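J.: output the structure for:
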Amino acid sequence: MGEVFAGRYELIDPIGRGGAGAVWRAWDHRRRRYVAAKVLLQSDAHTLLRFVREQALRIDHPHVLAPASWAADDDKVLFTMDLMAGGSLAHVIGDYGPLPPRFVCVLLDQLLSGLATVHAEGVVHRDIKPANILLDVTGTGRPHLRLSDFGISMRKGEPRLTETDHVVGTPGHFAPEQLLGAEPDFTADLFAVGLVALYLLQGRKPDSRALVEHFLTYGTPSAPEGVPEPLWQVLAGLLQPDPQVRFRTATGARKALSAAVEMLPEPAADEEPVEIFDQLGPLPPGFGPEGPENPVGPEGPRSPASPKSPGNSTSPAGPTSSTARPAQDHQGARNPSTAPAQATATDPGRPLPPPVPAQERPAGPVHPVPPPQPPPQPAVAPAAPPPRPSETGSFHLPPPVAYPASPYGQAPPHPYTAPPVQAPGPYGYPQPVTAPAPVPVRRPGPPPKVAVPVLLFALVSLAVGLWALTQV
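T.: Prediction:
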């Protein structure tokens, strides 16, 4: 069993490692599904601040893989994402080499679609590369990618966490203006998208420095080998060294790509289909498609035989089943027909007794002899059942005892209360009982000594105010 993080995420096996953390395949015990958990390796203030920025990113788009939740346990923190089992674009290139142009256009369109949503949130990714573009397992069907790893992304206008003379990102995927220390902008992400597209079409990492020098010296070069001219015109618009000449938005680049796809030649009949298969491999022992085979609960790990069934239950004294329990009839006597089965279940080594022969049935009708009737008992009133809780959990109280109405509206005396003793009067007659004088109830409010001066002061102030208004 793996380590359970924060009582919810069970870490299973590592599936990747980055500069700031390791990515694990984990089981979410609350949502009952597998997720990818990125565990932070360092705990310094700089790394924690980047972690807070990344986990706070919430972008809901089919081609963006943003953090879904996060958790902390002692000195470790992690956040989770959807599990992408198809690997990255680097895995696809490693399996197939250069990809067909139409297949690349599908991937490029999805990447620009997700990047347009990221830019609409004011976020610059700053680390677009094949290893950060993950795929679902789709087989030979239409591919589905998602842009991931927002560890060094930032919103435009936020303070930078690095000095101006330091460049953050992956070497070989920088835009020229990033090397000069310019502020992160959306056009830098579009330059990285052009490098990714060239990588997919050629099957190898392009030399961005030599490409920029060629653009600056000779202008836009001709289409490289294996790249159709309509598609190269779109890539050249993404790879322009001058950000003012480059595509300004991902939406604009996507529209140009859509127009270029219509001019591409049809794929060859013998073209090998690209298959996106599972890159994670099988689950380790103890885990299945539906989660852990022996889930850890409040009572500890549960063995496969622990679930109880109605016909097979266990107890500390041993197995107990319907065959081990002697059968009885309605009068409580043991049924003779089940005695051998009971002996077999309780003592397997004991010899079986001979079967009981069936009694011959008489020819005439058999009248059952009625059992002796017990002597009649005196009728006793049934005791009142104890109060039971109602549907809402309260108890029904017995009805109150009814007393005869007393004159003059006086409350009836309690049955266990003695009548009051009246003292005799001066002439031997009983002295009438007089009710105690009512206690005056003090009404809320200030006493008259305080209320009267306050009222007089208020009247004087009102008169002065009215006089002042007449003088204006």
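J.: low-confidence stretches in the stretch 51-200 of the chain?
T.: Scanning the stretch 51-200 of the chain with the threshold set as pLDDT under 70 gives 51-56, 159-169, 171.
J.: which residues in it form strands?
T.: Counting by DSSP state E, counting those that start in this stretch, the stretch 51-200 of the chain has strands at residues 69-73, 76-82, 123-124, 133-135, 145-147, 154-155.
J.: so what does the fifth one touch, helix or strand wise?
T.: Using 3 or more Cβ pairs under 8 Å, 6 or more residues apart in numbering; DSSP states H and E, the elements in contact with strand 145-147 are helix 101-120, strand 133-135. For the C-beta atoms, the positions are set from N, CA and C on the backbone; glycine is no exception.
J.: of all those, which lies closest to residue 456?
T.: Between residue 456 and the helices and strands packed on strand 145-147, the tightest spacing by Cβ to Cβ is seen for helix 101-120, at 69.9 Å.
J.: in the closest one, what counts as buried?
T.: Across helix 101-120, burial judged by 16 or more other Cβ atoms under 10 Å covers 101, 103-119.
J.: could you dump the strands of the stretch 51-200 of the chain into CSV with distance to residue 252 added?
T.: As requested, the strands of the stretch 51-200 of the chain are exported to CSV (distance: least, Cβ to Cβ, whole Å):
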stretch, distance to residue 252
strand 69-73, 34
strand 76-82, 29
strand 123-124, 17
strand 133-135, 21
strand 145-147, 18
strand 154-155, 21
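J.: and residue 263, which of the ones you listed is closest to it?
T.: Among the strands of the stretch 51-200 of the chain, the nearest to residue 263 by Cβ to Cβ is strand 145-147 (23.5 Å).
J.: nearest to residue 212 among the strands of the stretch 51-200 of the chain would be which one?
T.: Proximity to residue 212 (Cβ to Cβ) singles out strand 123-124 among these, at 19.8 Å.
J.: any idea of the mean pLDDT for the longest helix belonging to the chain?
T.: Longest helix of the chain, by residue count under DSSP state H: helix 448-471. For helix 448-471, the mean pLDDT works out to 83.
J.: begin at 767 from here
T.: In the new numbering, first residue 767, that becomes helix 1214-1237.
J.: residue 961 is nearest to which of the strands of the stretch 817-966 of the chain?
T.: Comparing those by their distance to residue 961 (Cβ to Cβ), the top pick is strand 899-901, with 11.9 Å.
J.: residues contacting that closest one, please?
T.: Contact with strand 899-901 is made by 831, 850, 852-855, 857-858, 873, 877, 909-914, 962, 1042, as judged by Cβ atoms under 8 Å, 6 or more residues apart in numbering.
J.: start to end distance for stretch 837-857?
T.: Using Cα to Cα, to the nearest Å, one end of stretch 837-857 lies 30 Å from the other.
J.: which of the residues in that stretch are buried?
T.: 837, 843-847, 849-855, 857.
J.: that older thread, turn the helices and strands packed on strand 911-913 into a markdown table, columns for distance to residue 922.
T.: Converted to a markdown table, the helices and strands packed on strand 911-913 look like this (distance: least, Cβ to Cβ, whole Å):
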| stretch | distance to residue 922 |
| --- | --- |
| helix 867-886 | 9 |
| strand 899-901 | 22 |
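J.: which among the ones you listed is found nearest to residue 996?
T.: helix 867-886 (9.3 Å).
J.: contacts for that closest one, please.
T.: Contacts for helix 867-886 (Cβ under 8 Å, 6+ apart): 825, 827-830, 855, 865, 891, 894, 899, 908-913, 919, 952, 955-956, 959, 962-963, 966-967, 993-994, 997, 1015-1017, 1019-1020, 1023-1024, 1026-1027, 1030, 1033, 1040.
J.: cool, stretch 974-987 as well?
T.: 938-940, 942, 961, 1002, 1005-1007.
J.: same thing but at 7 Å, please
T.: Identification of contacts with stretch 974-987 by Cβ atoms under 7 Å, 6 or more residues apart in numbering yields 938, 942, 961, 1002, 1005-1007.
J.: stretch 847-859 too?
T.: Contact with stretch 847-859 is made by 791, 800-802, 831, 833-834, 865, 896-897, 899-904, 912, 914, 966, 969, 1040, 1042, 1044-1046, as judged by Cβ under 7 Å, 6+ apart.
J.: residue contacts, residue 1007?
T.: Taking Cβ under 7 Å, 6+ apart, we find residue 1007 in contact with 942, 978, 981-982.
J.: so which bits of stretch 942-959 are buried?
T.: With burial defined by 16+ other Cβ under 10 Å, the residues of stretch 942-959 counted as buried are 942-944, 950-959.
J.: which parts of stretch 993-1013 are buried?
T.: By 16+ other Cβ under 10 Å, the buried positions in stretch 993-1013 come out as 993-994, 996-1007, 1009, 1012-1013.
J.: no wait, stretch 1044-1054
T.: Buried residues in stretch 1044-1054, counting neighbours by 16+ other Cβ under 10 Å, are found at 1045-1046, 1049, 1053.
J.: of the buried residues of stretch 993-1013, which belong to helices?
T.: Counted as lying in helices by DSSP H, out of the buried residues of stretch 993-1013, are 996-1004.
J.: please render the residues you listed as JSON lines that adds pLDDT and distance to residue 779 to the earlier fields.
T.: Putting these into JSON lines (pLDDT from 0 to 100; distance: Cβ to Cβ, whole Å) gives the following:
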{"residue": "996", "pLDDT": "95", "distance to residue 779": "44"}
{"residue": "997", "pLDDT": "96", "distance to residue 779": "39"}
{"residue": "998", "pLDDT": "96", "distance to residue 779": "42"}
{"residue": "999", "pLDDT": "95", "distance to residue 779": "45"}
{"residue": "1000", "pLDDT": "97", "distance to residue 779": "40"}
{"residue": "1001", "pLDDT": "96", "distance to residue 779": "38"}
{"residue": "1002", "pLDDT": "95", "distance to residue 779": "43"}
{"residue": "1003", "pLDDT": "96", "distance to residue 779": "42"}
{"residue": "1004", "pLDDT": "96", "distance to residue 779": "37"}
